[in-house]
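K.L.:
Test case, fold it:
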Amino acid sequence: MTDAPTIGPDLARSWLLVNGLHTDRFTHVGQADIVVLDIEDAVAPANKAQARENVVQHLSSGEHHAWVRINGFGTEWWEADLKSLAALPGLEGIFLAMVEGPEHVMRTAALLPDGTPIVALVETARGITYLPQIAASRHTFRLAFGLGDYRRDTGFDDDPTTLAYTRSQFTIASKAAGLPGAIDGPAVGATGVALADSAGVTSQFGMTGKICLMPEQTPIVNEILAPSINDMSWALDFLKEFNEAGAEIRNGSDLPRLARANKILSLAQAFGLTPPDGYHHFPAPSDTYHC
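P.N.:
Numbering: from 1, shown residues only. Below is the predicted model:
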């Protein structure tokens, strides 16, 4: 591995939620791609004002930067959250809880500076029904799956097969709207193999980010949601063979394989990964070919 690069929110894999009451944890965030200070689900109603003030103080000077998960549209805290946060120089984006339609994102964006990215956290059956419209809103930056609340709302188990349809909907809606990959829900309390398996499910369903609840979860999520050594080796071998053959399209599978290889290597470079043995560097992405 090279020195860890800065990962933008469009490619971010690990989204670490940090309780807004625990100011001592605001900067102890492990290897998280994105830090999300949480003043919603992690905070009891009686403590929400204090959590909000903690976040305001942390982000007010511009020395520190973070995203903030705010309370959902229609709650008694939603507007106060936005009015307190909107002008903060350290605010990087909003994680909007309990999104159930595009108007929730639109009304939130209206109280923020133009261009503030909003991740729509969809957590109910009603929200899933409106996923395509939420994704298509010009104010939605990325979709996220609020797994725990969704299971409470529907009664579904957490088995990947049970949730396959729902996860697929996030990926399809994101792709259709031209958004970055969706962010999957957390694996509560999981570490080691259990967390790797959970992140593997995230990847299998085409989701490219995952909510984390503990700093120690972030390196495993980052590893699983990045190209593997096998992925990189395949991409490099394919491009070498393709270019040595004159960069000529030989059959119907060459174009999709070329696109996959370029995507793998582009992500590997963005994440600061080291080329596998036998390769000293990643080649520039290639879309030059002959028909």
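K.L.:
can you pull out the strands in the stretch 1-150 of the chain?
P.N.:
Remark: strands assigned in the stretch 1-150 of the chain by DSSP state E, counting those that start in this stretch are 14-19, 34-38, 66-70, 91-96, 118-122, 140-145.
K.L.:
Among those, which comes closest to G189?
P.N.:
Nearest of the strands of the stretch 1-150 of the chain to G189, taken as CB to CB: strand 14-19 at 13.5 Å. Where C-beta positions appear, they are placed from N, C-alpha and C, glycine not excepted.
K.L.:
How far away from the center of its chain is the closest one?
P.N.:
In terms of CA atoms, centre = their mean, to the nearest Å, the centre of strand 14-19 is found 11 Å from the chain centre.
K.L.:
With stretch 25-44 instead?
P.N.:
Distance, centroid of stretch 25-44 to centroid of chain: 14 Å (CA atoms, centre = their mean).
K.L.:
among the strands of the stretch 1-150 of the chain, which is the most enclosed?
P.N.:
Ranked by mean neighbour count, these are led by strand 118-122 with a mean of 29 (mean count of other CB atoms under 10 Å).
K.L.:
on that earlier part again, just put the strands of the stretch 1-150 of the chain in a markdown table and tack on distance to G185 and mean pLDDT.
P.N.:
Output for those, formatted as a markdown table (distance: least, CB to CB, whole Å; pLDDT from 0 to 100):
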| stretch | distance to G185 | mean pLDDT |
| --- | --- | --- |
| strand 14-19 | 10 | 98 |
| strand 34-38 | 13 | 98 |
| strand 66-70 | 13 | 98 |
| strand 91-96 | 13 | 98 |
| strand 118-122 | 9 | 98 |
| strand 140-145 | 5 | 98 |
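K.L.:
To L265, which of those strands lies closest?
P.N.:
strand 14-19 (21.3 Å).
K.L.:
Let me have the strands of the stretch 1-150 of the chain in TSV, extended by distance to I7.
P.N.:
Shown next, in TSV, are the strands of the stretch 1-150 of the chain (distance: least, CB to CB, whole Å):
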stretch	distance to I7
strand 14-19	9
strand 34-38	8
strand 66-70	13
strand 91-96	12
strand 118-122	15
strand 140-145	13
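K.L.:
Which of these sits closest to S233?
P.N.:
Taking CB to CB, strand 14-19 is the member of the strands of the stretch 1-150 of the chain nearest to S233, at 24.3 Å.
K.L.:
and the angle for the closest one with strand 66-70?
P.N.:
Angle of strand 14-19 versus strand 66-70, following axes from the mean of the first three to the mean of the last three CA atoms, to 10 degrees, is 60 degrees.
K.L.:
and strand 14-19, which strands flank it?
P.N.:
strand 34-38 (parallel), strand 209-212 (parallel) (DSSP bridges).
K.L.:
And the spatially most central residue of the chain, how far from S174?
P.N.:
By CA atoms, centre = their mean, the chain has its centre lying nearest to G209, at 3.5 Å. Going from G209 to S174 by CB to CB, to the nearest Å gives 11 Å.
K.L.:
Find residues that contact each of the two.
P.N.:
Residues touching both G209 and S174 (CB atoms under 8 Å, 6 or more residues apart in numbering) are 142, 180-182.
K.L.:
Can I get those in CSV including secondary structure and distance to V56?
P.N.:
Output for the shared contacts of G209 and S174, formatted as CSV (DSSP: H, G, I helix; E, B strand; the rest coil; distance: CB to CB, whole Å):
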residue, secondary structure, distance to V56
R142, strand, 24
P180, coil, 28
G181, coil, 31
A182, coil, 29
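K.L.:
Compare the strands paired with strand 14-19 and give me the one nearest A199.
P.N.:
Closest of these to A199 is strand 209-212, at 5.8 Å (criterion: CB to CB).
K.L.:
Show residues contacting the closest one.
P.N.:
Against strand 209-212 from outside (CB under 8 Å, 6+ apart): 12-17, 32-33, 142, 144, 147, 180-187, 198-199, 202, 218, 221, 225.
K.L.:
Same question for stretch 169-177.
P.N.:
Contacts to stretch 169-177, defined as CB under 8 Å, 6+ apart, come from residues 122, 128, 131-132, 134-136, 140, 142-143, 145, 179-182, 184, 205-207.
K.L.:
can you give me the helices in the stretch 151-291 of the chain?
P.N.:
With DSSP state H, counting those that start in this stretch as the criterion, the stretch 151-291 of the chain has helices at 164-177, 192-204, 218-224, 229-244, 254-270.
K.L.:
So which of these is the most surrounded?
P.N.:
The highest average neighbour count among the helices of the stretch 151-291 of the chain, using mean count of other CB under 10 Å, belongs to helix 218-224 at a mean of 21.
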